[in-house]
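[1] coords please:
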Amino acid sequence: MSTLGNSGTLRFTPRPCTLVVCRGCCCGNPRKHPGTDHAWQLDRLRAAAADSGGRFTVRTTDCLGPCDQANVIVVQPSSAGRRAGGRAVWVGFAMDDDATGELLEWAAAGGPGVAEPPATLELQFIPAPREGKVRRRR
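    The predicted model follows:
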């Protein structure tokens, strides 16, 4: 993100780590996943972001694609994390309290490129759809 400063020069505002929460056709759907309190999960994520002092943000999006691995949350690195080599990390099957807590812990610590993810959360990493597609040769 950039803004025009008083002197007419561009200033860049550091971007915090961002949790992008899928709320499309399958993720967040109580009919498809009745054992999860999806509204509570999103409320917990948003409340923690509000209490983080700007260390991370939460936003929702429509379907991200890997519906068979719902709930999907993408952890985008902060500006500092990206400069350190961090890239977006896709997390699947993020429906229980433990996964939600670990996502919050990692985001609060800085996320990709800044902090190591909890080891058990790493077990839930999934490839981004573009990385998971099989390329066909003609």
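
[2] on the three-state scheme, L19 is what?
    Put simply, L19 is strand when judged by DSSP: H, G, I helix; E, B strand; the rest coil.

[3] and it, what does it touch?
    L45, A49, F56, T57, V58, R59, I73, V74, V75, Q76, L103, A107 (C-beta atoms under 8 Å, 6 or more residues apart in numbering). Heads up, the C-betas are built off the backbone N, CA and C, glycines and all.

[4] let's see it at 7 Å
    L45, F56, V58, I73, V75, L103, A107 (C-beta atoms under 7 Å, 6 or more residues apart in numbering).

[5] next, the buried residues of stretch 74-85.
    V74, V75, Q76, P77, S78, S79, A80, G81, R82 (16 or more other C-beta atoms under 10 Å).

[6] try stretch 52-67
    S52, R55, F56, T57, V58, L64, P66.

[7] so what touches that stretch?
    Counting by C-beta under 7 Å, 6+ apart, 16-26, 45-46, 49, 72, 74, 92, 107-108, 111, 126, 129 sit against stretch 52-67.

[8] give me the mean pLDDT for that stretch.
    On average, the pLDDT along stretch 52-67 is 94.
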